[in-house]
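In: with the input below, show me the fold.
(one chain, ligands or ions: 2)
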Amino acid sequence: MVAEKNKSKKNKIGDSEKVSFTVDSGILYRLGLELFQRAESAVAELIKNAYDADANDVKVTFLDVDEKGGTLIIDDDGEGMTKDQIINGFMRIASTEKLHNPKTTKGRKKAGKKGIGRIATILLGSKITIVTNNNIEEDFAYKLEIDWNKYKIDSKISTVENTLEIIEKTKPKGTTLTIHHLRESWSEKDIRRVYRYIADLLQPTLYEINHRKYSKKRLIEVKDTDTFEVRFYDRENEEPLADINIMMYDKALAKITAYIDEDGYGYCSINSDKFGLSGKEFLKISDTDKDREKHAPFDDLKGTNVILIAYYFIGNRIEYYQDSFTNPELTAIMNYLKRDGGVKLYRNRFRLPNYGGNNDWLSINKKSRAFDGFPFSTKNFTGYVQLTDQKDVIFTKFT
Ligand SMILES: Nc1ncnc2c1ncn2[C@@H]1O[C@H](COP(=O)(O)OP(=O)(O)O)[C@@H](O)[C@H]1O
Ligand SMILES: [Mg+2]
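Out: Ligands and ions are numbered 1, 2, ... in the order given. As a prediction, this is how the structure comes out:
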């Protein structure tokens with residue numbers, strides 16, 4: 001009997017059966033550590049989640065971080081999660097929900113899409129608690145605890161259990177993510193580094209090309225947008241860190257704006273009180289490449305809504321700034337530019353990390369060295385290029 005059973009199990013040509021993948025729990029741990037190698041990109045993922053939840057304010061607090069084992073709290077006032085969203089969204093890795101619903105209720109273009117942002121917390125600490133309040137369940141909130149250490153032990157991923165509790169509401173709406181047992185200590189310098197990264201994550205101001213037919217040169221106007229503010233606290237209840245970018249932009253000696261219109265022609269204007277330039281007149285950028293006479297100079301980019309906003313400083317001439325700066329403020333700005341100047345690239349509001357800062361992708365410094373008298377370098381010139389990519393087709397690899 002036994003022998004016969006074994007015999008019937010023996011493989012023979014022509015047999016087939018259905019097989020499926022199973023996943024070992026260690027995958028999360030490894031993905032968390034491999035996908036997010038820098039603390040700043042891990043924190044950025046969590047901030048993006050607050051953005052995608054339509055939050056207006058995010059508070060990031062570091063507690064007891066002088067040594068390992070501290071706590072990081074990311075607290076937003078977004079829409080929160082329902083039980084269904086926790087179970088079928090948060091607890092489901094690589095869910096494609098955001099791919100299918102790319103816009104938020106407020107009309108924001110969602111920043112997260114790959115369904116892996118939450119495992120960035122593994123890089124930061126070994127345990128997380130999520131308390132989430134949504135508008136739908138009026139009377140209570142949910143508290144979910146995940147101990148990532150449990151995922152280190154070999155087992156099928158679905159057998160590792162986490163506790164989801166119903167608790168009293170902690171606020172009208174919003175999610176509080178607490179990361180416990182931080183793996184590293186955080187010096188004030190580390191916190192500032194992450195803060196600078198986050199401060200640059202979202203484009204400071206959005207612009208629009210004005211398509212009014214009757215105006216000769218179309219101007220670029222600031223669009224009225226909903227707010228998204230991230231504040232960093234390196235201890236509880238202290239003043240948040242100041243955002244140097246916002247503070248410095250309106251103190252530049254000159255502001256340069258440029259755009260490419262839908263026919264592929266570029267226009268540029270300079271605004272500077274110091275040099276008596278109003279910035280109202282947009283001049284067509286001439287084409288120096290004669291071979292391209294048949295084409296518009298920026299033919300490849302037509303219809304892409306490319307806008308450049310840049311700011312120009314002169315570091316060693318405090319007298320240029322009259323009353324707008326103190327000497328230490330100017331020094332702080334020049335230090336910022338030295339470290340993180342140049343032109344950054346933003347796509348649909350979010351920064352593409354490898355453009356600007358250390359990467360001089362526009363070769364501004366090369367030109368500065370090559371042409372005598374070219375007054376720009378990444379040490380005195382900063383700003384950003386705004387790309388609008390409604391169809392979500394360009395640079396998607398980098399986000
Ligand atoms: N702060 C938050 N507020 C509301 N929902 C959140 C928050 N953080 C995460 N979520 C939910 O968890 C899901 C998984 O997040 P994540 O791993 O970053 O992947 P993705 O953002 O690509 O969907 C999100 O789709 C969202 O439903
Ligand atoms: Mg995300």
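In: what's the closest non-adjacent residue to residue 179?
Out: residue 125 (3.9 Å; C-beta to C-beta, 6 or more residues apart in numbering). All C-beta spots, glycine's among them, are computed from the backbone N, C-alpha and C.
In: residues near that neighbour, how many?
Out: Close neighbours of residue 125, defined as other C-beta atoms under 10 Å, add up to 21.
In: try residue 241
Out: Neighbours of residue 241 (other C-beta under 10 Å): 18.
In: for it, give me the pLDDT.
Out: With respect to pLDDT, residue 241 scores 84.
In: name the SS class of it, please.
Out: coil (DSSP: H, G, I helix; E, B strand; the rest coil).
In: before we move on, back to that, surely the residue nearest to residue 179 touches residue 186?
Out: No - at 11.1 Å, residue 125 does not count as touching residue 186 under the criterion of C-beta atoms under 8 Å.
In: just want the residue of the stretch 151-300 of the chain that's nearest ligand 2.
Out: Using C-beta to the ion, the closest approach of the stretch 151-300 of the chain to ligand 2 is made by residue 177 at 11.5 Å.
In: what sits against that residue?
Out: Residues near residue 177 by C-beta atoms under 8 Å, 6 or more residues apart in numbering: 46, 73-75, 121, 128-130.
In: try 7 Å this time
Out: 46, 74, 128, 130 (C-beta atoms under 7 Å, 6 or more residues apart in numbering).
In: just give the nearest non-adjacent residue to the last one, would you?
Out: By that I understand residue 130. residue 144 (4.6 Å).
In: for residue 384, same thing?
Out: Nearest to residue 384 is residue 344, by C-beta to C-beta, 6+ apart, at 4.5 Å.
In: what about the nearest residue to residue 301 once chain neighbours are set aside, distance to residue 208?
Out: In space, and not counting its chain neighbours, residue 301 is closest to residue 260: 5.0 Å by C-beta to C-beta, 6+ apart. Going from residue 260 to residue 208 by C-beta to C-beta, to the nearest Å gives 14 Å.
In: pick out whichever of those two has more residues nearby.
Out: Between residue 260 and residue 208, residue 260 has the larger neighbour count (other C-beta under 10 Å), namely 24 against 17.
In: how far away is the more buried one from residue 298?
Out: From residue 260 to residue 298 the distance is 5 Å (C-beta to C-beta).
In: near ligand 1, which residues of the stretch 151-300 of the chain are found?
Out: With C-beta under 6 Å from any ligand atom as the criterion, the stretch 151-300 of the chain meets ligand 1 at residues residue 175.
In: ok, back up a step: now do the phi/psi pair for the residue nearest to residue 301.
Out: phi -110, psi 130 (degrees, to the nearest 10).
In: close enough to count as contact, it and residue 303?
Out: No - Residue 260 lies out of contact with residue 303 (C-beta atoms under 7 Å); the separation is 8.8 Å.
In: related to what we said a few turns ago, which of the contacts of residue 177 lies closest to residue 160?
Out: Of all those, residue 128 has the smallest distance to residue 160: 13.8 Å, by C-beta to C-beta.
In: and the strands in the stretch 51-200 of the chain?
Out: 57-63, 71-76, 125-133, 140-147, 163-168, 174-182 (DSSP state E, counting those that start in this stretch).
In: let me have those in TSV, extended by distance to residue 93 and mean pLDDT.
Out: TSV is the format used below for the strands of the stretch 51-200 of the chain (distance: least, C-beta to C-beta, whole Å; pLDDT from 0 to 100):
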stretch	distance to residue 93	mean pLDDT
strand 57-63	23	96
strand 71-76	20	97
strand 125-133	15	97
strand 140-147	12	96
strand 163-168	16	97
strand 174-182	17	98
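In: now render these as JSON lines, adding distance to residue 309.
Out: Compiled in JSON lines, the strands of the stretch 51-200 of the chain are given as follows (distance: least, C-beta to C-beta, whole Å):
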{"stretch": "strand 57-63", "distance to residue 309": "24"}
{"stretch": "strand 71-76", "distance to residue 309": "28"}
{"stretch": "strand 125-133", "distance to residue 309": "36"}
{"stretch": "strand 140-147", "distance to residue 309": "41"}
{"stretch": "strand 163-168", "distance to residue 309": "45"}
{"stretch": "strand 174-182", "distance to residue 309": "32"}
